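In: Any chance you can model this:
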Amino acid sequence: GGVNAHLIVEEPPPPHTRMARTPDAFLVRVTAATEPALRELAGSYSREIRRLLAHADREGEVMRLCRTASAGRRDLRWRSVVTAESPGSLLEALSVLEGGGGDVHQRPREKTPIAFVFPGQGSQYTRMAEQLAESEKVVADTFAEFDEHLVERGRDPLTTLIRLPSHELRRTINCQPAIVGTQVALVRLLRQWGIEPAAVVGHSVGELTAAWTAGVLGLDELIELVVARAEAMESSPQGGGMATVMADGDVVTNVLSSDPTWQGLNVGAFNGPHSVTIAGPVRQVQDFVRSAGFRARMLDVSHAFHSPQMATAARKFGTEVARVQRRGWRSPSIPFASTVTGTWHDHRSVNDPQIWSQALERPVQFQEAFEQVVSMGNLGFVEVGPRPVLQPLLKGMASRMPVHVTLDPHTGRSDQLEMYRLLSELSSETEPNWGSVHPIDVRKSTIPGYPFSLAQVSTPAPMTRTGGPTTGARPEERAPATFRHPVFGS
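Out: Residues are numbered from 1 along each chain as shown. Just a heads-up that it's a prediction; the model follows:
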């Protein structure tokens with residue numbers, strides 16, 4: 001007995017094969033047990049891409065190959081991460097790799113801890129990270145979140161700020177929220193790719209982003225503080241100026257304090273062993289640059305930041321910090337260096353409003369703070385910002401440690417290609433999450449198989465027994481027998 005039932009199921013819809021956007025860059029991870037096998041596999045990928053280029057949806061097909069190779073293949077001992085701006089250039093790069101060129105390295109046995117360094121004002125430029133927001137969802141989502149928070153506080157949205165012409169974007173009230181918003185988006189993208197910071201340090205307003213990255217405060221608190229900080233500094237009396245001076249900090253400090261001509265100027269930032277920033281009345285700063293005998297250049301700022309001219313702004317900001325942190329902030333979840341004290345932040349310091357307000361009128365102790373991070377030992381560094389401004393200083397103070405940057409508009413490459421370039425560099429130091437690099441709506445596909453190395457092996461002859469007699473004799477009359485192995489002998 002029993003009952004039979006029949007269910008008619010409709011044919012499933014065809015898989016989505018059209019890309020929602022045209023990719024700005026391509027990344028493929030090639031990995032194998034040996035270097036020759038890796039180069040052979042790169043050749044197989046290049047020939048497959050050549051075949052795919054005949055298809056109508058060639059970008060989509062190549063992107064699927066990239067995702068399958070990067071996320072669908074086991075990570076073996078040898079690795080090469082190939083990046084390119086187009087399918088054609090990716091094919092060429094893989095052909096170079098097959099021919100013996102390209103960057104090939106072994107998978108790191110141990111991860112190198114990566115510290116994030118956040119630059120401050122001066123790293124901004126019009127349309128910064130705009131391309132990245134078009135190609136990476138987490139960046140677009142972060143921009144949208146910043147837009148909502150900024151509009152609630154009566155400010156222009158982030159997507160408007162980054163499109164301002166340079167003379168408008170340079171205004172403190174515009175550039176500080178734009179810089180921090182871009183930095184937050186970059187941190188989220190790096191974390192999505194499995195790159196977690198082992199320590200953080202920030203220069204000037206970048207210290208607020210570092211605090212958020214270290215888990216000290218939430219995103220809504222960060223945005224509230226950035227807006228308050230920018231408004232307080234923007235409302236300060238104008239007429240101030242700043243300049244970078246390539247000289248030892250003690251030397252410049254002695255010159256400013258011993259010569260009455262420079263009364264009113266002060267060191268606003270100790271950037272490195274031979275780099276300081278001076279601040280004060282703009283005409284005095286200009287005179288110092290022209291006649292003090294140091295190699296120096298003026299900075300494109302409207303105020304004398306990190307100087308006594310910021311005293312009123314510091315008081316206003318301190319009041320806002322006390323209001324925002326009334327419930328208390330969390331202790332840093334990772335080492336977090338303070339550029340106010342030059343030492344490590346702790347629970348007490350991050351919850352002290354005066355520490356944050358003093359940052360506006362006291363010199364930035366970036367050199368000491370960065371040296372604290374360097375003292376942790378074997379590290380890699382990533383300058384997380386719209387463009388590299390601290391990289392030369394970082395390389396000088398951490399000469400034996402790798403220093404990387406996120407975006408660099410001077411290269412002429414797309415934002416996504418710049419981030420893929422960074423990921424390729426970091427792949428020799430750490431283990432990214434390859435499954436999160438490509439969009440999840442890009443389905444996997446069939447790609448060339450692994451080039452196993454074949455070797456001919458012959459079956460050894462059976463073992464032979466020598467000695468006798470073995471038959472026709474009583475056991476006590478038989479000679480001892482020996483066995484000879486065809487490979488190892490007796």
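In: How far does stretch 176-194 sit from its chain's centre?
Out: Computed by C-alpha atoms, centre = their mean, to the nearest Å, the chain-centroid distance of stretch 176-194 equals 9 Å.
In: longest single helix anywhere in the protein?
Out: Assignment by DSSP state H gives helix 172-192 as the longest helix of the chain.
In: Return, as residue ranges, the portions of the stretch 351-490 of the chain with sub-threshold pLDDT.
Out: Scanning the stretch 351-490 of the chain for pLDDT under 70 picks out 440-443, 459-490.
In: how about the strands in it?
Out: Here the stretch 351-490 of the chain has its strands, by DSSP state E, counting those that start in this stretch, at 380-383, 403-405, 464-466, 482-484.
In: pretty sure residue 63 belongs to a strand, no?
Out: No: secondary structure of residue 63 (DSSP: H, G, I helix; E, B strand; the rest coil): helix, not part of a strand.
In: Wait, it touches residue 23, no?
Out: Yes: counting by C-beta atoms under 8 Å, residue 63 touches residue 23, with 5.7 Å between them. C-beta here means a position set from N, CA and C on the backbone, and glycine is covered the same way.
In: lowest confidence element among the helices and strands of this protein?
Out: strand 464-466 (a mean of 57; mean pLDDT, DSSP states H and E).
In: Just the element for residue 168, please.
Out: helix 166-169 (DSSP states H and E).
In: Give the buried residues for that helix.
Out: Buried residues in helix 166-169, defined by neighbour count with 16 or more other C-beta atoms under 10 Å: residue 169.
In: helices or strands up against that helix?
Out: The contact analysis (3 or more C-beta pairs under 8 Å, 6 or more residues apart in numbering; DSSP states H and E) places helix 166-169 against helix 172-192.
In: go again using 6 Å as the cut-off
Out: For helix 166-169, not one helix or strand is in contact under the criterion 3 or more C-beta pairs under 6 Å, 6 or more residues apart in numbering; DSSP states H and E.
In: For that helix, C-alpha coordinates in PDB please.
Out: Output in PDB follows, covering the C-alpha atoms of helix 166-169 (Å, rounded to 0.1, in the frame of the first residue of the first chain):
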ATOM      1  CA  SER A 166      40.200  72.300  -4.300                       C
ATOM      2  CA  HIS A 167      39.800  75.900  -2.900                       C
ATOM      3  CA  GLU A 168      36.600  74.900  -1.200                       C
ATOM      4  CA  LEU A 169      37.700  71.500  -0.100                       C
END
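In: outside of that helix, which residues touch it?
Out: Contact with helix 166-169 is made by 124, 126, 175, as judged by C-beta atoms under 6 Å, 6 or more residues apart in numbering.
In: remind me which residues of the stretch 201-350 of the chain are low pLDDT?
Out: For the stretch 201-350 of the chain, no range has pLDDT under 70.
In: just the strands in it please.
Out: 240-245, 266-272, 275-281, 296-298.
In: Next, the buried residues of the last one.
Out: Yep, that's strand 296-298 we're talking about. For strand 296-298, the neighbour count (16+ other C-beta under 10 Å) marks residue 296 as buried.
In: just how off-centre is that strand within its chain?
Out: Worked out by C-alpha atoms, centre = their mean, strand 296-298 lies 29 Å from the chain centre.
In: That one pairs with which strands, parallel or anti?
Out: strand 240-245 (antiparallel) (DSSP bridges).
In: Tell me which residues are up against the partner strand.
Out: 252, 276-279, 282, 285, 289, 294, 296-299, 301, 303-304, 309.
In: Can you turn the buried part of the residues you listed into a PyMOL selection?
Out: In PyMOL syntax, the buried subset of the contacts of strand 240-245 is picked out as below (16+ other C-beta under 10 Å):
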select buried, resi 252+276+277+278+279+282+285+289+294+296+299+301+303+304+309
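In: would you turn the contacts of helix 166-169 into JSON lines with neighbour count?
Out: Below are the contacts of helix 166-169 laid out as JSON lines (neighbours: other C-beta atoms under 10 Å):
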{"residue": "124", "neighbour count": "24"}
{"residue": "126", "neighbour count": "16"}
{"residue": "175", "neighbour count": "27"}
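In: now, among those, which is nearest to residue 393?
Out: residue 124 (18.3 Å; C-beta to C-beta).
In: The closest one: what's its closest spatial neighbour, skipping adjacent residues?
Out: Among residues not flanking residue 124 along the chain, residue 175 sits closest, at 4.5 Å (C-beta to C-beta, 6 or more residues apart in numbering).
In: In contact with the one you found, which residues are there?
Out: 121, 124, 169.
In: Go again with 8 Å.
Out: Contacts for residue 175 were tallied using C-beta atoms under 8 Å, 6 or more residues apart in numbering; they are 121, 124, 161, 169, 230.
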